[in-house]
Structure formats: C-alpha cells, structure tokens
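Undergrad: Below are the sequence and a predicted model; questions follow.
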Amino acid sequence: QFSLEVQNAVTAFCLLYCHMRSAVGWTRAVCFKPKKQVSVLYQNIHIVEPRLIQPYEHVIKNFIREIKLQSTEMETLAIAVKRAQDKAAVQLSELEEEMEQRIQAAEHKAKKEEKRKAEEALNELRRQYDTEVGDLQVTIKKLKMLEEQSRNVNHRQDVVELKKRIHDMLLENQKLKKDLIEAQTNIAFLQSELDSLKTEYADQTLNTERDLEIIREYTEDRDNLERQIEILQSANRKLHDSNDGLRSALENSFSKYNRSLRLANTSPGSTISRSSPKFNGGQSPLNSRYDRSSPSCVDEDYDSLALCDPMQRINCEVDSLPESCFDSGLSTLRDSNEYDSEVEYRQQRIFPRSQCMQESFGGDASDTDVPEIRDEDAYSPDNSNAVLDWKTSRPVSRSSSVVSTRRYISALTPQVTKKAYKIVLAGDAAVGKSSFLMRLCKNEFRGNTSATLGVDFQMKRLIVDGEPTVLQLWDTAGQERFRSIAKSYFRRADGVLLLYDVTCEKSFLNVREWVDMIEDATHENIPIMMVGNKADLRQTVTEQGQKCVSVNYGEKLAMTYNALFCETSAKDGSNVVEAALHLAR
Ligand SMILES: Nc1nc2c(ncn2[C@@H]2O[C@H](COP(=O)(O)OP(=O)(O)OP(=O)(O)O)[C@@H](O)[C@H]2O)c(=O)[nH]1
C-alpha cells in the first residue's frame, strides 16, 4: 500500500516535471523513468535489506512533500507568469491602440495640411487664371479696337504710300549703314597709321636721345681732352720759359733723332726693330731705364710715352712741331693735399733725376721731371695688349715714330685672355698710387717717384680663382687740376682702387669726395676697393706723435659705401696683390 502511495507520488512528480519542462520550453526529450526506477529500488531494498524500507519510505515521503511544495510553487509561478503575460498582452493591446490613435491623428493632420495646401494652390491657380482671363479680355478688347481701326483705315492708297515710305526709309538706312562701315574702316586705317607714326616717333626720339647722349659723351671727352691739352700746353709753356738750356740740348738731340728716323722710314712698311738707332746698345728703349744725364734718353722716353701715355699722345697730336716732342708736357707739378702750395710741394719732393737736371741745366727740376711709366710687362712684344687696348676717345694722327712703333706692335699676335678688367687707381696726390702700381706690376718700390701727369697705364696678369685675368690698370693723377681727366676714366672702369694715405688724414677725408666723383661718373655702381696705403709708416708716425687713420675708420667708411677695404704698403708689398685680386674677384 505504501509503495503504491510512493508510486503515485513519483508519477505526480514526473507529470509535474514534464509540465514544468513544457512551460519552460524544453523540447529535448529526456530519458527519465523515475517511476520504474523507484519501484525497482523499493523491491530491491525490500529483498536485500527490509530494515531500510522505513528510512527509505521516510526519504521518499520527504521527497514527495518537497516535490509537492515545489509543484505548488511552480503553479504559483505559472499563475504569475500567466498573469504577467496577460498584463503584457493588455499593455500591448493598449499600446497598439494608442499607436493606432496616433497614426490616425497624424494621418488626419497630414490630410488636413495637404488639403490646406491644395486649397491654397487652387486659390493661386484661380487667381492666375482670373488675371490671365482679365489680360486676355484686355487684349481681345485691343484687338477688337485695332480691328475696328483697321477696318476704318483700310484705304489702299494710304497703305501704298506707307509701304513706299517704309521702303525709302529702309534704303536710307542701308545707305547710312554703308557710310558708317566706310567711316569705321577709314578710322581704323587712320588709327593704324597713327600707331605706326607714334612708333616711328618713339624710335626717332629714342635714336635722338641716344645720339644726344653720344654727342654729350663726345663733347665731354673733347672737353676733357681740351683740358688735358691746355694743361699740357701750360706745362709746355712753363718748360719753355724755365729751361732754355734744356730746350737747345733737346733740340739737338731731336734733330739727331729726326735724321735717324728719316733713315729708318725710308724703306716702305718699316717697323721699329731692335737694330733701330733707338734700340742702340742692344737694349730695348721700352726696357731701358730713364737716364736724364744723357740727352738721348728724351727720344727714348718720348717713344715710350707716346705709346703708353694718353697725355703724351695728345701732346704729339697737338704740337707736331719738333719742340712738342721734347716738350712732352710732363711735369712734376703737384698740389698735394699735404702741401699748401705747388712750390712748397716741389721743394719737398726732389727726385734724383730732377736733381740731375738741376745740375745740368739749372732749371726747375720738378717741372721737367718725367714719370717713369715704362714697363717691361706692358710694352714687351708679348704684352701687345698694353698698347693695342689703349684707346683715345678721338682718332689720333701720329708722327712717324709713333706710327712705326705702333705698326710694329700691331703686327704682333695679341694674346688671347679670358677676362680683362679696366681698373682705375684713384686718390689724393702722393698717397702712393704709382708706387702701389709699381709694386703690383713689377714688385718694386722706389722711394722717389714723380707725380703722375694725366694718366699712366700698366697691365697685370693674374690668376683669379683659377682663371687667367688681365687687369688694365690706369693710374690717374691725384692732383686737383687732373680731376676731370681722372673722372673721364671712371666712366669706362670696371672697378676702382681708391687709395688714401694712412698717415695723412686729409687724404682719408677726401675719400668721400672721390667716391662721389666715381658715382657721378658711372651710371651703374662699380666695385670700389678702398685702400689705406703706407701702413708701414703708421708706427713711426705715431711714435713721432702725429695722428694716423686707424683701421677701424677705414673699415667703417668702406662699409658706408659698401666698398671693399684693406690696408697695404707699397713699400713692403703687404696686401698689394691681395687688394687687386680681391677687387678682380
Ligand atoms: N713708406 C711708404 N712710402 C710710400 C708708400 N707708397 C708710396 N710711398 C711714397 O709716397 C710718395 C708718393 O708716392 P706716389 O706713388 O708717387 O703717389 P701717387 O699717389 O702716385 O701720387 P700722384 O701720382 O701725384 O697722384 C713717394 O715718395 C713714395 O715713395 C708706402 O707704402 N710706404
């Protein structure tokens, strides 16, 4: 009986279990056979150990009670779930209902809006229609009026006349159009002619300006040359006045020279050769040193000067009289800034050569001194450029000696050089330009140099940054009266070596004047190398308590003018080549 009760409980449990499974949604079949197992277990216990039946039944009872409790709970849960489901269903239906209501409201609103818009569009259309109808009615009215008018004006004659008038007017219109086109064409022609005339006029103006510029340059050159001639002539006159003895001696030597020259020129196409009387003693006149004690030196000097010194050439041209040849116009007159008067200056600078002259002829030695401008480099045959490159601004007719010498030199093949620069040496008198040039070209220094008259010329070949370069160096005279000549040389210069004397403040102060002059003369900015010369004297002069121009001042001034700067000494040769190289670079 008890086992039956247990069996029923197990059966109930199984049913509950199945019910729960289905409620939870388990689909997988589970092999669970408790009923059979319980009965088998009961029978086994009953057979094997009947003592255990009671505790077994007790366990089963508890188990059944527990199951019942679980079952009740499950049922309660199931009811709750059901309730929740019902509630959710109610809420869902409520929501659905609400949604439906909202949709309906939205639909209603949209419909209302659409209707309103449609009504508005309809009203607009109606308005347009009314307006158009009104316009049409007006047009119809007008047409009717026109119809009526046309009906009234429908006279044939009037129409013909009108047509004729229209035709006439059309013809006139065409004619006017034709005239207009013709006039426009004429205007275009005239315009093009005017343009070409304008271009021609502009060209002519340009040419005229150019011509004027050239004329102006020529005039300037001519003025300069005239001034040079005047200076030389005045020097000439001084020489004439001061040295009669010298004149007669030179005349003698010149007549000798003329004779020899005539002999030399008798053969056609003659050139000056080393066997020429001028080259006596196997020494080229170009290389010979100046020796004032011998009268024949004047001839040699004259040739050399005629070749290289523009002043001398001009002098030759102007004064083709024999006197002009020995009256070279060269003088040592010098108005240094350091000296108040020429006489004073002359007294200060006495040269051996002039001493020799004084001794021989008792004249004013400084007035008859000749600048030493001969240079082996410049006048040796392989340096023909020195002569060939020299150009005066107007053609020079030469005396026979000069012509023959020039022919000889012109026959030489000029050396081809890559770069050539015209460098002008400028600065106050006695600042050491000639000495600088001599140091640069000959690596020599002579304590007593003569003042430059007009312009001296030298050539210097340098290798600048690996490139062979020729410097045509024009040494201008520093004296005030030669300023205009110096100025004319700046115009064609590629660069300027502007010297001042570090022991002479005035020469430094005058640098500004020189720079202004250079800038005036040149159209474009040419490079300037500011050179403080005689640096070797600074210490001695300072020790004597005299003032010197410091390096700082020189540098500052150079910086002001954007110029290069260095200090040199022509005496010991320091920085001389470097200055030239730097400028050439
Ligand atoms: N101690 C020293 N004396 C110099 C130096 N350079 C030139 N002199 C001397 O200064 C004097 C004038 O030198 P020049 O070379 O004739 O001067 P310059 O500038 O050519 O003069 P002008 O031809 O009149 O313009 C000469 O007595 C030279 O010996 C130098 O570097 N050191």
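TA: Received the coordinates, thanks. All figures in this text were calculated on a predicted structure; none of them were measured in a lab.
Undergrad: from here on, contacts and neighbour counts on C-alpha atoms
TA: OK.
Undergrad: now what about the strand or helix carrying residue 578, what contacts it?
TA: Per DSSP states H and E, residue 578 falls inside helix 576-584. Here helix 576-584 makes contact (Cα atoms under 8 Å, 6 or more residues apart in numbering) with 421, 436, 439-440, 462, 464, 471, 495, 497, 527-529, 531, 564, 566, 568-570.
Undergrad: Can you show me the CA trace of that helix as PDB?
TA: Presented in PDB, the C-alpha positions along helix 576-584 are these (Å, rounded to 0.1, in the frame of the first residue of the first chain):
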ATOM      1  CA  VAL A 576      99.100  94.800 -52.600                       C
ATOM      2  CA  VAL A 577      98.400  91.800 -54.800                       C
ATOM      3  CA  GLU A 578      95.600  90.700 -52.400                       C
ATOM      4  CA  ALA A 579      93.800  94.000 -52.900                       C
ATOM      5  CA  ALA A 580      94.000  93.700 -56.700                       C
ATOM      6  CA  LEU A 581      92.900  90.000 -56.500                       C
ATOM      7  CA  HIS A 582      90.000  90.800 -54.200                       C
ATOM      8  CA  LEU A 583      88.700  93.600 -56.500                       C
ATOM      9  CA  ALA A 584      89.100  91.400 -59.600                       C
END
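Undergrad: Does anything pack onto the one helix or strand residue 41 maps to? Which helices or strands?
TA: Here residue 41, judged by DSSP H and E, is contained in helix 34-48. In terms of contacts (3 or more Cα pairs under 8 Å, 6 or more residues apart in numbering; DSSP states H and E), helix 34-48 is packed against helix 2-24, helix 53-153.
Undergrad: tell me the most buried of the ones you listed?
TA: helix 2-24 (a mean of 15; mean count of other Cα atoms under 10 Å).
Undergrad: picking that back up, is there proximity between the helix holding residue 578 and the ligand?
TA: No: Helix 576-584 lies out of reach of the ligand by Cα under 6 Å from any ligand atom, never closer than 9.3 Å.
Undergrad: Would you mark the buried spots in that helix?
TA: Judged by neighbour count using 16 or more other Cα atoms under 10 Å, the buried positions of helix 576-584 are 576-577, 579-581, 583-584.
Undergrad: Report the two of the residues you listed separated the most.
TA: 576 and 584 (12.6 Å; Cα to Cα).
Undergrad: per-residue pLDDT, whatever residue of the stretch 151-300 of the chain ends up closest to the ligand?
TA: Relative to the ligand, the nearest point of the stretch 151-300 of the chain is residue 231 (15.0 Å; Cα to the nearest ligand atom). We have a pLDDT of 84 for residue 231.
Undergrad: Double-check that it belongs to a helix.
TA: Yes: counting by DSSP: H, G, I helix; E, B strand; the rest coil, residue 231 falls inside a helix.
Undergrad: number of nearby residues for it?
TA: By other Cα atoms under 10 Å, 20 other residues sit near residue 231.
Undergrad: now the one 10 residues further on
TA: By the other Cα under 10 Å criterion, the neighbourhood of residue 241 contains 11 residues.
Undergrad: Does it lie in a helix or a strand, and which?
TA: Taking DSSP H and E as the definition, one finds residue 241 inside helix 156-242.
Undergrad: what helices or strands is that helix leaning on?
TA: Checked by 3+ Cα pairs under 8 Å, 6+ apart, helix 156-242 has helix 310-318, helix 365-368, helix 483-490 packed alongside it.
Undergrad: among the ones you listed, where is the model least confident on average?
TA: helix 365-368 (a mean of 32).
Undergrad: Next to the ligand, which bits of this structure? Give me the list.
TA: So the chain meets the ligand at 428-435, 446-452, 477-479, 533-534, 536-537, 569-571 (Cα under 6 Å from any ligand atom).
Undergrad: Kindly confirm my reading that residue 474 forms part of a strand.
TA: Yes: remark: residue 474 belongs to a strand, assigned using three-state DSSP.
Undergrad: can you tell me how far it sits from the ligand?
TA: 11 Å (Cα to the nearest ligand atom, to the nearest Å).
Undergrad: Residue 484 now?
TA: 13 Å.
Undergrad: Could you pull up the contacting residues of that residue?
TA: Applying Cα under 8 Å, 6+ apart, the residues contacting residue 484 are residue 224.
Undergrad: again, only using 10 Å
TA: 220-221, 223-225, 227-228, 454, 517 (Cα atoms under 10 Å, 6 or more residues apart in numbering).
Undergrad: again, but for residue 488
TA: Residue 488 neighbours (Cα under 10 Å, 6+ apart): 217, 220-221, 224-225, 518, 521-522.
Undergrad: Equivalent analysis for residue 538, please.
TA: 501-503, 544, 546-550.
Undergrad: Give me the pLDDT value at it.
TA: 92.
Undergrad: same check, this time on the one 3 residues further on
TA: On pLDDT, residue 541 comes in at 93.
Undergrad: hmm, back to that, can I get the contacts of residue 484 in CSV with neighbour count and distance to residue 163?
TA: As requested, the contacts of residue 484 are exported to CSV (neighbours: other Cα atoms under 10 Å; distance: Cα to Cα, whole Å):
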residue, neighbour count, distance to residue 163
220, 15, 83
221, 19, 85
223, 14, 87
224, 20, 89
225, 21, 91
227, 16, 93
228, 24, 95
454, 26, 98
517, 16, 88
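Undergrad: Pick out the lowest-pLDDT one from these.
TA: residue 454 (78).
Undergrad: got the contact list for stretch 519-527?
TA: 423, 486-497, 513-516, 518, 561-564, 583-584.
Undergrad: and residue 500, how far is that from residue 569?
TA: Note on residue 500: its distance to residue 569, by Cα to Cα, to the nearest Å, is 11 Å.
Undergrad: so what sits against both of those two?
TA: By Cα under 10 Å, 6+ apart, the residues touching both residue 500 and residue 569 are 432, 531-534.
Undergrad: most neighbours, which of those residues?
TA: residue 531 (31 neighbours).
Undergrad: Now do the SS call for that one.
TA: Strictly by three-state DSSP, residue 531 counts as strand.
Undergrad: ok, now the one 5 residues further on?
TA: In terms of secondary structure, residue 536 is helix; the call rests on three-state DSSP.
Undergrad: ok, it - contacts?
TA: 502-503, 567-574.
Undergrad: Using TSV, lay out these together with pLDDT, secondary structure and neighbour count.
TA: Shown next, in TSV, are those (pLDDT from 0 to 100; DSSP: H, G, I helix; E, B strand; the rest coil; neighbours: other Cα atoms under 10 Å):
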residue	pLDDT	secondary structure	neighbour count
502	96	coil	28
503	95	coil	25
567	96	strand	23
568	96	coil	24
569	96	coil	23
570	95	coil	26
571	94	coil	21
572	93	coil	15
573	94	coil	19
574	94	coil	17
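Undergrad: can you list these in a markdown table and add distance to residue 89?
TA: Shown next, in a markdown table, are these (distance: Cα to Cα, whole Å):
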| residue | distance to residue 89 |
| --- | --- |
| 502 | 119 |
| 503 | 122 |
| 567 | 114 |
| 568 | 117 |
| 569 | 121 |
| 570 | 123 |
| 571 | 125 |
| 572 | 123 |
| 573 | 121 |
| 574 | 118 |
